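Participant: pasted the sequence and its predicted model underneath.
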Amino acid sequence: MNAVLAAEAGGTTARNLTITLFLIFVAVTLAITIWASRQTKTATDFYAGGRSFSGFQNGMAIGGDYMSAASFLGIAGIIALYGYDGFLYSIGFLVAWLVALLLVAELLRNSGRYTMADVLAFRMRQRPVRTAAAVSTITVSIFYLLAQMVGAGALVALLLGIKPGTTFLGMDAGTAKVATIVMVGALMIIYVTVGGMKGTTYVQIVKAFLLMTGAIVMTLLVLAKYRFNLSSLLGDAASASGKGAAFLEPGLRYGVETPGDALKTFYSKMDLLSLGIALVLGTAGLPHILIRFYTVPTARAARKSVLWAIGIIGTFYLLTLALGFGAAALVGGQAITAQDKAGNTAAPQLAEALGRDFFGGSLGGATLLAIIAAVAFATILAVVAGLTLASSSSLAHDFYANVIKNGQASERQEVSVARISALVIGAIAIALSIYAQSLNVAFLVALAFAVAASGNLPAILYSLFWRRFNTSGAVWAIYGGLLAAVVLVFFSPVVSGAPTAMFPKHDWHWFPLSNPGLISIPFGFLCGWLGTVLSKEQDEEKYAELEVRALTGAGAH
Amino acid sequence: MSTDTPASAPAESAAERYLAVQRSDEFAGLRRALRGFVFPMTVAFFLWYALYVILSAYARGFMGTKLFGNINVALVFGLLQFVSTFVIAWLYARFADRKIDPVADRIRAEIGEVTHERGPRG
């Protein structure tokens, strides 16, 4: 038996199966989208899915919206290559939900209607606040979109096994990358323009189910291999990594200690703290997450959906431990970096290894690989659809209806503008992704969290809890936090001046940290406070209305 | 906060009504109860999380201490963050169910009788 031939056959099987499964997912989700479009008649249907989802459904959809490829492939990859440090991401991403649960979800649901800005602008002058909120929403969403779409392009060659020099359907790896970006972009535009929030929500629910099932099955297989002994899995992972016990401790990836260079060590540790704070404070300021709270009928259902989301997301991030350490032990760091330097293929490679072990040879390996690769694409699609919906909602409801039309647009006009916006934003995202496909843009996810935590979160918390807050404060907080985060990152080593930077051949960096949160988040809160006290505006009556509505649900939409 | 004043209620503007509710003792109690729970809890979980991140950065020796087998303090500490998140979420749900929802429902019902016909806005 020729091993190479067998591997080739396995590769072709895997490729065909991946494509078949992915096409099934696309067909099912498109059918749902068309069905949802028939149920989408009013603006509330388009923006908020008719507020008809149950707490559990929305909890699943939140999971589907939130657990991105950066979570699934990224965290598993970091753990597989650097060990414990990937776990820091999992924890930050989960604990962040307490901010949403305790401070934001229910109050936002009660007082808002379609977008984040509904709450921010409630007692303010509409135009400046809605403009700022739309700018911030679109910026955060585009950053996040770029990271996901470029990631999808990078993955396709690996997941479909298109090697340099070979072609697939007449495409080499480079063409396949561009084709994938265009396809992902086109699908997300269709989901959003046709299905609106209802269609997008169902896509996210289906994806969450697939992702959880895939992760649970893989975890069970990994654990079964170690007779459910976590300690021996960790031991194997540590020895396979060649780094010993250090692999199971923090410090290989973040907060790295450089002996003899105290300054570098100091910056590296500050960077870890900076990342940690942005992860935990960013979630409750992400517009595509916030609008999910409008899809349920009441604040109580919003609470239930966050509780479900915490359960689902928490379980998932626990599983990433088994996936990451499993990949380290069963695939090995060398085999992973040979495929992808960033480790993004660790989870699919683990699937292949597990399939080979449990389901008989290369065919079993190819099958499980194909399933997990299809799940990864589903994951990306659901997240980009949510992001496109959030930014087009904001462009239509905040900018078009309330800034340009001064609140005089009809529902029908607003929804058509939202659909056109989704098309335009989708097209821009495709174009930018094709341009950025060869650049290292993985940092954009962390940047999206940093902007959300620095600009949006201060504005939301002040809006909901601070009587004195006003238009000037909201505008200052949003632009101040947004600019601080973006400018600091632009002058940081992730954009220039390092081998792993977006522009490795140039160097204009002067800010030493890769993550701006440590500076930009306090700066955003400070701006919000300063802008407020420098302006005399204070609307007692509107604050009374906001507070009473937020806390009691009176007059809720 | 009597609700049987049909003659005078429509004359009162919605804005005045909200202001009156906001200044009522019942609403102040609701606000105090909510803030009394969520603010300290937020501070608590944030400090607990910050402690974890800071120890990960600066107390590597402690975090690397092996407890049993290959399970070290860092892993247990990380898992405890999951446990604390689940527990806080559960505590909040129980608290909101018992202490917030009934009061919020009562106040909303009182307001509803006056502002109902005002229709949606936003």
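Facilitator: Nice, thanks for sending it over. Numbers count the residues shown, from 1 in each chain, chains lettered A, B, ... in the order given.
Participant: so whichever strand or helix holds residue A:321, near chain B or not?
Facilitator: With the criterion set as DSSP states H and E, the secondary-structure element containing residue A:321 is helix A:299-330. Yes: using CB under 8 Å from any CB of the partner chain, we find that helix A:299-330 touches chain B at A:299-300, A:303, A:306-307, A:310-311, A:314, A:317-318. For every residue, glycine as well, the C-beta is placed using N, CA and C.
Participant: residues near the residue in chain B that chain A sits nearest to, how many?
Facilitator: Going by CB to the nearest CB, chain A is nearest to residue B:69 of chain B, at 3.1 Å. Each residue near residue B:69 was counted by other CB atoms under 10 Å in any protein chain shown, and the total is 12.
Participant: one step back: tell me the mean pLDDT for the helix holding residue A:321?
Facilitator: Averaging the model's pLDDT scores along helix A:299-330 yields 97.
Participant: check which residues of the very next helix or strand once past it are buried.
Facilitator: Counting by DSSP H and E, the next helix or strand C-terminal to helix A:299-330 is helix A:333-339. Using 16 or more other CB atoms under 10 Å in any protein chain shown as the test for burial, helix A:333-339 gives A:333, A:336-337.
Participant: tell me, how many residues neighbour the residue in the stretch 101-250 of chain A that chain B sits nearest to?
Facilitator: Among the residues of the stretch 101-250 of chain A, residue A:231 lies nearest to chain B; the distance is 3.1 Å by CB to the nearest CB. When neighbours are defined as other CB under 10 Å, residue A:231 has 15 of them.
Participant: I figured it hits residue B:69, correct?
Facilitator: Yes: counting by CB atoms under 8 Å, residue A:231 sits close enough to residue B:69 to count as a contact (3.1 Å).
Participant: longest helix anywhere in the chain?
Facilitator: I went with chain A, as the question did not name one. helix A:173-225 (DSSP state H).
Participant: that answer is for a different chain, and I need it for chain B
Facilitator: Max-length helix for chain B by DSSP H is helix B:25-58.
Participant: mind listing what's buried in that helix?
Facilitator: Across helix B:25-58, burial judged by 16+ other CB under 10 Å covers B:27, B:30-31, B:33-34, B:37-38, B:41-42, B:45-46, B:48-49, B:52-53, B:55-57.
Participant: was I right about the residue of chain B closest to chain A contacting residue A:236?
Facilitator: No: under the criterion of CB under 8 Å, residue B:69 makes no contact with residue A:236, lying 11.8 Å away.
Participant: average pLDDT for stretch A:250-260?
Facilitator: Mean per-residue pLDDT for stretch A:250-260: 91.
Participant: now do it: distance to the chain's middle.
Facilitator: Mean C-alpha position of stretch A:250-260 versus that of the full chain (CA atoms, centre = their mean, to the nearest Å) differs by 27 Å.
Participant: overlap between the buried residues of helix B:25-58 and the residues near chain A?
Facilitator: When contact is defined as CB under 8 Å from any CB, the buried residues of helix B:25-58 meet chain A at B:27, B:30-31, B:34, B:37-38, B:41-42, B:45-46, B:49, B:52-53, B:56-57.
Participant: give me the spatial nearest neighbour of the spatially most central residue of chain B, chain neighbours excluded.
Facilitator: Centroid-nearest residue in chain B, with CA atoms, centre = their mean: residue B:38, separated by 4.1 Å. The shortest distance from residue B:38 to any non-neighbouring residue, by CB to CB, 6 or more residues apart in numbering or on different chains, is to residue A:102 (4.3 Å).
Participant: tell me how many other residues surround the one you found.
Facilitator: Under the neighbour criterion other CB under 10 Å, residue A:102 is assigned a count of 22.
Participant: likewise for residue A:119?
Facilitator: Other residues within reach of residue A:119, judged by other CB under 10 Å, total 25.
Participant: which of the helices or strands spans it?
Facilitator: Counting by DSSP H and E, the element that carries residue A:119 is helix A:116-120.
Participant: need the next SSE after that helix, C-terminal direction.
Facilitator: Next in line after helix A:116-120, if elements are assigned by DSSP H and E, sits helix A:126-159.
Participant: poorly predicted segments of the stretch 401-550 of chain A, please.
Facilitator: Counting by pLDDT under 70, the stretch 401-550 of chain A contains no low-confidence residues.
Participant: get me the contact residues on it for chain B.
Facilitator: By CB under 8 Å from any CB, the part of the stretch 401-550 of chain A that sits against chain B consists of A:465, A:540-545, A:547-549.
Participant: and if we set it to 7 Å?
Facilitator: A:541, A:544-545, A:547-548 (CB under 7 Å from any CB of the partner chain).
Participant: for chain B, what spans make up the strands?
Facilitator: Along chain B, the segments classed as strands by DSSP state E run B:66-68, B:71-72.
Participant: just these: most buried one?
Facilitator: With neighbours defined by mean count of other CB atoms under 10 Å in any protein chain shown, none of the strands of chain B is more surrounded on average than strand B:71-72, at a mean of 19.
Participant: contact partners of it?
Facilitator: Outside strand B:71-72, the residues that touch it by CB atoms under 7 Å, 6 or more residues apart in numbering or on different chains are A:230-231, A:248-249, B:63-66.
Participant: now the residue sitting nearest the centre point of chain A: how far from residue A:377?
Facilitator: Closest to where the C-alpha atoms of chain A average out (CA atoms, centre = their mean) is residue A:68, at 4.6 Å. Residue A:68 sits 12 Å away from residue A:377 when distances are taken as CB to CB, to the nearest Å.
Participant: what of residue B:50?
Facilitator: Between residue B:50 and residue A:377 the computed distance is 37 Å (CB to CB).
Participant: ok, residue A:80 next?
Facilitator: Distance, residue A:80 to residue A:377, using CB to CB: 20 Å.
Participant: got it, and residue A:34?
Facilitator: Shown here: residue A:34 relative to residue A:377, a distance of 20 Å by CB to CB.
Participant: follow-up on the earlier one: just confirm the residue nearest to residue B:38 is within a helix.
Facilitator: Yes: Residue A:102 sits within a helix when classified using DSSP: H, G, I helix; E, B strand; the rest coil.
Participant: ok, it touching residue B:40?
Facilitator: No: between residue A:102 and residue B:40 there is no contact, the gap being 10.2 Å when judged by CB atoms under 7 Å.
Participant: residues near residue A:534, how many?
Facilitator: Residues lying near residue A:534 (other CB under 10 Å) number 11.
Participant: quick one: contacts for the nearest residue to it once chain neighbours are set aside?
Facilitator: With CB to CB, 6+ apart as the measure, residue A:472 is the residue that lies nearest to residue A:534, at 6.4 Å, once sequence neighbours are left out. In this structure, residue A:472 makes contact with A:531-532, A:534-535, A:537, judged by CB under 7 Å, 6+ apart.
Participant: please save the CA atoms from the host helix or strand of residue A:472 in CSV.
Facilitator: Here residue A:472 sits within helix A:471-490, counting by DSSP H and E. Provided in CSV are the C-alpha atoms of helix A:471-490 (Å, rounded to 0.1, in the frame of the first residue of the first chain):
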residue,chain,number,x,y,z
THR,A,471,-24.3,65.3,24.7
SER,A,472,-20.8,66.7,25.0
GLY,A,473,-19.8,63.9,27.4
ALA,A,474,-21.1,61.2,25.1
VAL,A,475,-19.4,62.7,22.0
TRP,A,476,-16.1,63.1,23.8
ALA,A,477,-16.2,59.6,25.3
ILE,A,478,-16.9,57.9,22.0
TYR,A,479,-14.4,59.9,19.8
GLY,A,480,-11.8,60.1,22.6
GLY,A,481,-11.8,56.4,23.3
LEU,A,482,-12.0,55.5,19.7
LEU,A,483,-9.2,57.8,18.6
ALA,A,484,-6.9,56.9,21.6
ALA,A,485,-7.2,53.2,20.8
VAL,A,486,-6.7,53.5,17.0
VAL,A,487,-3.9,56.0,17.2
LEU,A,488,-2.0,54.1,19.8
VAL,A,489,-2.3,50.9,17.8
PHE,A,490,-1.3,52.6,14.7
